[in-house]
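I need the structure of the sequence given here:
(2 chains)
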Amino acid sequence: MDYLYSLYIEFLNKFNLPFHLGDFIAMVSFPLLPFCIVAAALIVIVIFLVLMERKVLAFFTQRKGPNRVGPWGLFQTISDAIKLLCKENITPTGAEKFMFNLAPLLAFVPVMVVWGLIPFSSEFDFMSYSVSALLFVTIASIPILGILLAGYASNNKYSLIGSVRAVAQAISYELPLIFVLLSVVVLSSSLNLKQIVLAQISAYPICGWFIFPAFLGFLIVFICSIAELNRCPFDLPEAESELVSGYNTEYSGMKFAFFFLAEYAMMFIMCAFIATLFLGGFLSPFGFYLSEKLISNEFWSNVFVYFEQVFWIFLKTFFLIYCMMLVRATLPRLKTHQLTGFAWKVLLPLSFLNLLIVCLIKGVA
Amino acid sequence: MKALRYIIALIVGHFTVFKHIFKRPVTLEYPEKRNELNEKFRGEHALTSDENGKLKCTACGTCQRVCPSFATIKIEKEKGEDGKFYPKNYSIDMNKCIFCGNCVQYCPFDAIIMTKNYELADEKKSSLTLDINTLKKNYSDTIINKTKDNRWR
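Numbers count the residues shown, from 1 in each chain, chains lettered A, B, ... in the order given. Reported below is the predicted structural model:
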């Protein structure tokens, strides 16, 4: 961020403000500006992610998907969101009022926090700590608390069963995920997400990516993140045919929209996290940046490299999201005992094996 | 060994689903595009008339008798100036009609036919009873039945 910060101060000093006001404004507004941009970007991304999910699932099943509102149905989700906003907020009579209203926020706020931890480019890493990978896994598990609270406070047996299932699932699948994260940490010898990405730079274009030494780990993390997101085939908490809609049965209007938003935002963030760990994050798959070749002006090419890096991580993220949608379109739902058995009997030993392989590779190299 | 079989099945399954993305969608956007109907399609009824615009119906009551859902068709008959009977009023209750086509099949004078109109939904039950004027209008609205209708009878 230092480079952009110096540019920003330079830009403000051009106005010749008195009493070093330029420095002061830079200090206050510089952290605020990216926050606003990133928060707005998340909402826009989620809106179009919902549309993408509906469209892609439609294509997999030879349908057309939403195509009435706007060109190619682009504004479908926006109209849905407006509909949700206009709906009445119902709190059931038997519900714990305070917790019932708290739960959607508890599910949504941590998602916004972890979104800032992802390094979008070598300059745009808004919350860069030495242990940001650990912090990511820690904060990303807080929404489960919101789900548990929602199920408990709703005073509805379906909600409670759904939320208990969600918690059991999250506990089982967090473990292999963290062990695989450990293998990535072994490879990059850092817990900072930006350092993990920078450790994937190599002389040859793609070869440095951690997907090659830890392919098993990549698969495990992919499966675990699907389970953490409560998506098909691990969508037991929301199993429509058994529980009406799981933990958000009693929610309506804006509170339901919060759960929905948190779910899809978390999907995008999880995929960005996997892309950061295994697919080289913001690194270009060609080994060089296109803007370096295309733009001759050195200053502008330096600036555009950062935006190109954002483009690369978004491309990788959307590829992973597409894979998740393919999985959703293909596989049927698991049973509860299959779900937990798969996590403890298959994924956990495999993640140990992955750690062993990675350690051997690191030792040899 | 079992696990390997499952993994292969997983990969094949995902590939099968993935192939569908290149296929054409089978969705028909209904109000704009419509399915082509079979020639024998049985929709709303119509009463035929000859070249002079006179109804072919003689109010014989065969359609009433063959109708499996009783009291669907109601006919008030009257004697015309030429000594032949004609229907003064002829109504079909579409609430009860099961679109079997018996009335068309058994009519000795080809007086009643079925058009291809299938959008019969209405807000009121009472407006679903077709009277003689509606049935006449249905015939003048249809084109298909005038030309090659007789082929399927």
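
how many other residues sit next to A:Thr91?
16 (other Cβ atoms under 10 Å in any protein chain shown). Where C-beta positions appear, they are placed from N, C-alpha and C, glycine not excepted.

where's it relative to A:Val244, distance?
17 Å (Cβ to Cβ, to the nearest Å).

can you tell me how far A:Lys87 is from A:Arg68?
20 Å.

more neighbours: these two, which one.
A count of neighbours by other Cβ under 10 Å puts A:Lys87 above the other of A:Lys87 and A:Arg68, at 14 against 9.

the more buried one and chain B: what is the separation?
26 Å (Cβ to the nearest Cβ, to the nearest Å).

next, that residue: phi, psi?
Dihedral pair for A:Lys87: phi -70, psi 160, per degrees, to the nearest 10.

would you agree it is in contact with A:Tyr251?
No: checked against Cβ atoms under 8 Å, the pair A:Lys87 and A:Tyr251 is beyond contact range at 10.6 Å.

near chain A, which residues of chain B show up?
Proximity of chain B to chain A, by Cβ under 8 Å from any Cβ of the partner chain, involves residues B:10, B:13-14, B:16-18, B:20-21, B:23-27, B:29.

below-threshold pLDDT in chain B: ranges please.
Judged by pLDDT under 70, chain B has its weakly predicted residues at B:71, B:142-153.

please enumerate the strands of chain B.
In chain B, the strands defined using DSSP state E lie at B:45-47, B:73-79, B:85-93, B:112-114, B:129-130.

so what touches the second one?
Around strand B:73-79, the neighbours that count as contacts under Cβ atoms under 8 Å, 6 or more residues apart in numbering or on different chains are B:59, B:61, B:63-64, B:67, B:85-93, B:103.

what's the burial count for A:Lys55?
For A:Lys55, the count of nearby residues is 21 (other Cβ under 10 Å).

from B:Cys107, how far off is it?
Here A:Lys55 is placed at a distance of 51 Å from B:Cys107 (Cβ to Cβ).

remind me which helix or strand A:Val38 belongs to.
Using DSSP states H and E, A:Val38 maps to helix A:21-60.

report the angle between the helix or strand just after that helix and helix A:21-60.
Following helix A:21-60 in sequence order, the next helix or strand is helix A:76-86 (DSSP H and E). Relative orientation of helix A:76-86 and helix A:21-60, computed by axes from the mean of the first three to the mean of the last three Cα atoms, to 10 degrees: 110 degrees.

list the buried residues for helix A:76-86?
Neighbour counts over helix A:76-86 (16 or more other Cβ atoms under 10 Å in any protein chain shown) mark A:76-77, A:80-81, A:84 as buried.

and what of stretch A:40-60?
By 16+ other Cβ under 10 Å, the buried positions in stretch A:40-60 come out as A:42, A:45-47, A:49-60.

so how far is it from its chain's centroid?
With Cα atoms, centre = their mean, to the nearest Å as the basis, stretch A:40-60 stands 14 Å off its chain's centre.

pLDDT of it, averaged?
Per-residue pLDDT over stretch A:40-60 has a mean of 88.

near chain B, anything from it?
Yes: using Cβ under 8 Å from any Cβ, stretch A:40-60 reaches chain B at A:56, A:58-60.

convert the C-alpha atoms of that stretch to PDB, please.
What follows is stretch A:40-60 as a C-alpha-only set of coordinates in PDB (Å, rounded to 0.1, in the frame of the first residue of the first chain):
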ATOM      1  CA  ALA A  40     -19.600  -1.900  -2.600                       C
ATOM      2  CA  ALA A  41     -17.800  -4.300  -4.800                       C
ATOM      3  CA  LEU A  42     -18.800  -7.200  -2.600                       C
ATOM      4  CA  ILE A  43     -22.500  -6.300  -3.000                       C
ATOM      5  CA  VAL A  44     -22.300  -5.900  -6.700                       C
ATOM      6  CA  ILE A  45     -20.400  -9.200  -7.000                       C
ATOM      7  CA  VAL A  46     -22.900 -11.100  -5.000                       C
ATOM      8  CA  ILE A  47     -25.800  -9.700  -7.000                       C
ATOM      9  CA  PHE A  48     -24.300 -11.000 -10.200                       C
ATOM     10  CA  LEU A  49     -23.100 -14.200  -8.600                       C
ATOM     11  CA  VAL A  50     -26.700 -15.100  -7.800                       C
ATOM     12  CA  LEU A  51     -27.600 -14.500 -11.400                       C
ATOM     13  CA  MET A  52     -24.500 -16.500 -12.600                       C
ATOM     14  CA  GLU A  53     -25.500 -19.400 -10.400                       C
ATOM     15  CA  ARG A  54     -29.000 -19.400 -11.800                       C
ATOM     16  CA  LYS A  55     -27.800 -19.000 -15.400                       C
ATOM     17  CA  VAL A  56     -25.100 -21.700 -15.200                       C
ATOM     18  CA  LEU A  57     -27.400 -24.200 -13.500                       C
ATOM     19  CA  ALA A  58     -29.900 -23.500 -16.200                       C
ATOM     20  CA  PHE A  59     -27.400 -24.200 -18.900                       C
ATOM     21  CA  PHE A  60     -26.400 -27.400 -17.300                       C
END
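
which bits of chain A sit near chain B?
Residues of chain A lying near chain B by Cβ under 8 Å from any Cβ: A:56, A:58-64, A:67, A:326-327, A:329-331.

of those, buried ones?
Buried by 16+ other Cβ under 10 Å: A:56, A:58-60, A:64, A:67, A:326-327, A:329-331, out of those.

spatially, which two of the residues you listed are the most separated?
A:Asn67 and A:Leu331 (26.8 Å; Cβ to Cβ).

ok, the buried residues of stretch A:40-60 vs A:Leu148, which is closest?
Checking the buried residues of stretch A:40-60 against A:Leu148 by Cβ to Cβ gives A:Val46 as the nearest, at 22.8 Å.
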